[in-house]
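Asks: Test case, fold it:
(one chain, ligands or ions: 2)
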Amino acid sequence: MSHDNIRNFSIIAHIDHGKSTLADRLLEYTGALTAREMQDQFLDKMDLERERGITIKAQTVRLNYTADNGKDYILNLIDTPGHVDFTYEVSRSLAACEGGLLVVDASQGVEAQTLANVYLALDINLEVFPVLNKIDLPAAEPERVIQEIEDIIGIDAHDAVLASAKEGIGTREILEEIVKKIPPPKGDQDAPLKALLFDSWYDQYQGVIILVRIFDGTLKKGDKIQLMSTNRSYEALKVGVFAPVMREVPSLSVGEVGFVIAGIKDVADAKVGDTVTLLHRQCNKAMEGFKEVKPMVFSGLYPIDTAQYEQLRDALAKLKLNDSSFSFEPETSVALGFGFRCGFLGLLHMEIIQERLEREFSLDLITTAPTVVYRVHRTDSTMIEIESAAKMPEPQHIDYMEEPFILAHIHVPNDFVGPVIALCVEKRGVQREIKYLTPTRVMIIYELPLNEIVLDFYDRLKSISKGYASLDYEHLDFRRSDLVRMNVMINGEIVDALSLIVHKEKAYYRGRALVSKMKELISRQMFEVAIQAAIGNKVIARETVKAMRKDVLAKCYGGDITRKRKLLEKQKEGKKRMKNVGNVELPQEAFLAILKVE
Ligand code: GDP
Ligand code: MG
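Replies: Ligands and ions are numbered 1, 2, ... in the order given. Sure thing, here's the model as predicted:
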């Protein structure tokens with residue numbers, strides 16, 4: 001069978017530049033969905049994604065298209081997740097394609113995230129062609145943006161398609177370009193099966209569903225398949241395509257993209273980037289680029305109501321079913337009781353999981369400030385990895401410590417270069433390069449400790465650049481660093497959930513800022529509350545919350561009873577996000593205070 005009529009492509013775009021809207025237009029135009037059936041942004045399935053306008057889980061669809069040349073084509077649109085935390089997943093989705101549409105908002109221009117993904121695509125020799133979206137906007141500047149694409153990315157953009165996904169302008173031209181510019185897949189039909197697993201998720205009814213792109217050979221229903229990274233084998237119970245709903249097919253062959261259901265129990269066994277082959281006729285080499293993804297950012301999650309502990313555990317287990325990059329293990333805190341230490345790919349991933357727990361599982365949680373993994377080299381020459389201050393050994397047992405570094409690409413208009421560099425320096429950054437991509441757009445490349453990024457780097461970056469800076473990063477390595485554990489004490493008692501690992505040089509400054517922020521956040525109690533920050537036995541900062549002068553309720557005595565009840569109810573409401581530590585009530589914000597200090 002010929003595979004000349006297949007085109008596999010992704011849409012590469014910065015967040016909000018119109019990827020999902022354009023995907024909808026392509027589905028609609030090719031009749032995969034009629035306008036009436038069409039649910040806006042079909043590809044962004046989850047509510048949360050829709051609300052935040054981001055794509056969390058990749059979805060893939062097969063489109064049928066009859067081109068101007070009269071031939072019928074199968075176009076596989078491979079959607080990619082759109083955030084910096086998911087770069088590896090993006091790279092695997094791109095590896096399943098021959099080409100990519102580079103969608104750039106004609107009123108905004110090229111952004112860092114666009115660049116990162118375009119480079120990923122160009123590195124693996126995909127055919128990338130530009131589409132300028134949102135040309136309906138009065139602020140659109142197609143000429144300028146075309147020049148920018150050519151200058152910055154270095155691809156020919158003079159015949160970029162001018163489109164408005166919103167108004168359906170340029171849809172047919174885009175489909176024609178896909179057919180003309182993107183090469184058909186190559187591969188050996190008679191070779192042993194070699195397929196790339198580029199996405200997987202857990203379906204409540206069908207178990208784990210994997211998405212594959214066939215590079216060589218054929219995958220038939222009933223085949224015994226093997227996943228090469230785990231050496232586990234399964235039977236392909238169902239094989240099919242999304243068109244756009246699931247439809248079974250007898251087999252998938254070279255160049256094709258589709259799903260396989262093979263009785264895999266756990267998404268952790270269906271690793272993105274793995275190679276699928278046949279058990280009894282294996283290909284001799286796995287696909288390149290496979291990586292095990294590991295959580296990089298951690299935080300503690302505790303139910304406010306201790307009775308919700310079991311519920312929280314069940315909810316975490318459920319989310320984990322669908323997300324192997326997320327991890328959790330029980331953790332106990334003197335201050336917060338029983339909870340879990342959870343690991344995430346990055347900050348956005350963390351926020352998404354926390355939000356789903358609260359929204360879909362109706363849990364009220366206290367979240368502790370995010371931390372990263374540190375390596376502790378002990379004096380007995382063993383090494384442990386720790387992801388919370390609580391696990392840090394006593395100083396006399398530590399030989400030295402290492403912390404993770406990232407390589408950050410920050411893209412800013414030249415007006416903001418000074419402040420951005422100052423911020424990177426403040427955050428212990430090491431400069432790699434400053435590139436003027438055009439006279440007005442600058443790429444600032446820094447090596448930075450991840451620890452500083454998870455605190456407040458992103459928010460600070462956005463505020464000093466009036467929202468214009470964009471950030472993209474990748475993990476580099478672990479580096480030796482002078483780190484100490486800083487404890488926070490409330491009325492003399494250490495609140496373990498507030499302990500932090502900080503760079504020694506920053507400890508005083510952080511300690512002072514933290515206690516003064518906490519002072520603002522803790523409301524007056526019946527007694528005086530002392531807030532202290534300490535390193536070991538040495539107190540480095542102190543603030544006091546004065547005792548309340550009058551009983552709140554005292555005012556109401558003698559007054560009408562409903563007012564008193566209302567007041568009590570209001571207090572109960574406010575309590576939702578409170579946790580008693582000793583006899584002091586701490587609001588959720590206090591546990592995140594470190595994120596709020598400047
Ligand atoms: P994504 O983050 O790249 O998937 O972007 P979306 O498709 O979610 O679009 C982001 C926002 O831009 C949404 O509010 C869209 O309605 C809007 N949008 C998308 N395409 C166009 C367009 O061609 N013109 C205009 N004016 N708005 C658009
Ligand atoms: Mg989207």
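
Asks: Tell me, how many residues neighbour residue 253?
Replies: Residue 253 has 18 neighbours, counted by other CB atoms under 10 Å. For the C-beta atoms, the positions are set from N, CA and C on the backbone; glycine is no exception.

Asks: burial measure for the closest residue to it other than its chain neighbours, as a count.
Replies: Spatial nearest neighbour of residue 253, excluding adjacent residues (CB to CB, 6 or more residues apart in numbering): residue 218 at 4.4 Å. Using other CB under 10 Å, residue 218 has 21 other residues around it.

Asks: hang on, isn't residue 218 packed against residue 193?
Replies: Yes. Using CB atoms under 8 Å, residue 218 makes contact with residue 193 at a distance of 6.6 Å.

Asks: so what's the residue most central in space within the chain closest to, chain neighbours aside?
Replies: Closest residue to the average C-alpha location of the chain: residue 85 at 3.4 Å, with CA atoms, centre = their mean. Spatial nearest neighbour of residue 85, excluding adjacent residues (CB to CB, 6+ apart): residue 346 at 3.3 Å.

Asks: Do you know the pLDDT at that neighbour?
Replies: Predicted confidence (pLDDT) for residue 346: 84.

Asks: Surely it touches residue 296?
Replies: Yes. With contact defined as CB under 8 Å, residue 346 counts as touching residue 296 (6.4 Å).

Asks: how about the strands in the stretch 351-500 of the chain?
Replies: 365-367, 371-372, 374-378, 383-386, 398-413, 430-436, 441-449, 470-481, 483-490, 493-494, 500-503 (DSSP state E, counting those that start in this stretch).

Asks: now those strands as CSV including mean pLDDT, mean neighbour count and distance to ligand 1?
Replies: Output for the strands of the stretch 351-500 of the chain, formatted as CSV (pLDDT from 0 to 100; neighbours: other CB atoms under 10 Å; distance: least, CB to the nearest ligand atom, whole Å):
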stretch, mean pLDDT, mean neighbour count, distance to ligand 1
strand 365-367, 87, 22, 26
strand 371-372, 92, 22, 28
strand 374-378, 97, 18, 34
strand 383-386, 95, 13, 35
strand 398-413, 93, 20, 17
strand 430-436, 94, 12, 25
strand 441-449, 93, 20, 20
strand 470-481, 89, 17, 13
strand 483-490, 93, 22, 37
strand 493-494, 88, 16, 44
strand 500-503, 92, 22, 34
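
Asks: Residue 98 is nearest to which of those?
Replies: Among those, strand 470-481 comes nearest to residue 98, with 24.3 Å by CB to CB.

Asks: helices or strands up against the closest one?
Replies: helix 112-123, strand 398-413, strand 441-449 (3 or more CB pairs under 8 Å, 6 or more residues apart in numbering; DSSP states H and E).

Asks: give me that answer again for 6 Å
Replies: helix 112-123, strand 398-413 (3 or more CB pairs under 6 Å, 6 or more residues apart in numbering; DSSP states H and E).

Asks: in its sheet, what does that strand sit against?
Replies: Partners of strand 470-481 in the sheet, by DSSP bridges, are strand 398-413 (antiparallel).

Asks: what's the angle from the partner strand to strand 430-436?
Replies: Per axes from the mean of the first three to the mean of the last three CA atoms, to 10 degrees, the angle that strand 398-413 makes with strand 430-436 is 10 degrees.

Asks: and strand 398-413, how far out from the chain's middle?
Replies: Taking CA atoms, centre = their mean, to the nearest Å, one finds the center of strand 398-413 at 18 Å from the center of the full chain.

Asks: go on, stretch 62-80?
Replies: The answer for stretch 62-80 is 30 Å, by CA atoms, centre = their mean.

Asks: tell me which residues in it are buried?
Replies: 62-63, 65, 67, 73-80 (16 or more other CB atoms under 10 Å).

Asks: List just the nearest of the residues you listed to ligand 2.
Replies: residue 79 (8.2 Å; CB to the ion).

Asks: any idea how far residue 11 is from that closest one?
Replies: 7 Å (CB to CB, to the nearest Å).

Asks: Is the residue in the stretch 251-400 of the chain that ligand 2 sits nearest to in a helix, a strand, or coil?
Replies: Per CB to the ion, residue 348 is where the stretch 251-400 of the chain lies closest to ligand 2, at 13.5 Å. Put simply, residue 348 is helix when judged by DSSP: H, G, I helix; E, B strand; the rest coil.

Asks: pretty sure it is in contact with residue 85, am I right?
Replies: Yes. The pair residue 348 / residue 85 is scored as a contact, 5.0 Å apart, by CB atoms under 6 Å.

Asks: now residue 447, which residues is it bridged with?
Replies: residue 407, residue 430.

Asks: show me the contacts for it.
Replies: 405, 407, 430 (CB atoms under 6 Å, 6 or more residues apart in numbering).

Asks: For residue 30, state which of those residues is nearest.
Replies: Distance to residue 30 across those (CB to CB) is lowest for residue 407, with 39.6 Å.

Asks: roughly how far apart are the closest one and ligand 2?
Replies: Per CB to the ion, to the nearest Å, residue 407 is found 26 Å from ligand 2.

Asks: For that residue, which residues are in contact?
Replies: Going by CB under 6 Å, 6+ apart, residue 407 touches 447, 474, 476.

Asks: quick one, what contacts the second one?
Replies: Neighbour list for residue 474: residue 407 [criterion: CB under 6 Å, 6+ apart].

Asks: Would you indicate which residues of stretch 451-470 are buried?
Replies: Within stretch 451-470, judged by 16+ other CB under 10 Å, the buried ones are 451-458, 460-461, 464-465, 468-470.

Asks: Sorry, wrong one. I was asking about stretch 215-231.
Replies: 215-221, 223, 225-229.

Asks: from these, which is closest to ligand 1?
Replies: residue 215 (28.2 Å; CB to the nearest ligand atom).

Asks: Residue 399 is in contact with residue 376, correct?
Replies: No. Look at residue 376 against residue 399 with CB under 6 Å: they stay out of range, at 8.4 Å.

Asks: Now the common contact residues for these two.
Replies: Going by CB under 6 Å, 6+ apart, no residue sits against residue 376 while also sitting against residue 399.

Asks: What residues does this protein have near ligand 1?
Replies: Within the chain, the positions adjacent to ligand 1 are 13, 15-21, 53, 82, 133-134, 136-137, 164-166 by CB under 6 Å from any ligand atom.

Asks: now those: which count as buried?
Replies: Buried by 16+ other CB under 10 Å: 13, 15, 17-21, 82, 133-134, 164-166, out of these.

Asks: In JSON lines: those residues, plus secondary structure.
Replies: Shown next, in JSON lines, are these (three-state DSSP):
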{"residue": "13", "secondary structure": "strand"}
{"residue": "15", "secondary structure": "coil"}
{"residue": "17", "secondary structure": "coil"}
{"residue": "18", "secondary structure": "coil"}
{"residue": "19", "secondary structure": "helix"}
{"residue": "20", "secondary structure": "helix"}
{"residue": "21", "secondary structure": "helix"}
{"residue": "82", "secondary structure": "coil"}
{"residue": "133", "secondary structure": "strand"}
{"residue": "134", "secondary structure": "coil"}
{"residue": "164", "secondary structure": "strand"}
{"residue": "165", "secondary structure": "coil"}
{"residue": "166", "secondary structure": "coil"}
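
Asks: Near ligand 2, list only the ones from those residues.
Replies: For ligand 2, the contacts drawn from these by CB under 5 Å from the ion are 19-20.

Asks: The buried ones among the residues of the chain next to ligand 1 into JSON lines, with extra columns for pLDDT and distance to residue 179?
Replies: Formatted as JSON lines, those follow (pLDDT from 0 to 100; distance: CB to CB, whole Å):
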{"residue": "13", "pLDDT": "88", "distance to residue 179": "20"}
{"residue": "15", "pLDDT": "81", "distance to residue 179": "28"}
{"residue": "17", "pLDDT": "92", "distance to residue 179": "23"}
{"residue": "18", "pLDDT": "91", "distance to residue 179": "21"}
{"residue": "19", "pLDDT": "90", "distance to residue 179": "20"}
{"residue": "20", "pLDDT": "86", "distance to residue 179": "22"}
{"residue": "21", "pLDDT": "90", "distance to residue 179": "21"}
{"residue": "82", "pLDDT": "61", "distance to residue 179": "25"}
{"residue": "133", "pLDDT": "97", "distance to residue 179": "20"}
{"residue": "134", "pLDDT": "97", "distance to residue 179": "24"}
{"residue": "164", "pLDDT": "97", "distance to residue 179": "21"}
{"residue": "165", "pLDDT": "95", "distance to residue 179": "19"}
{"residue": "166", "pLDDT": "94", "distance to residue 179": "24"}
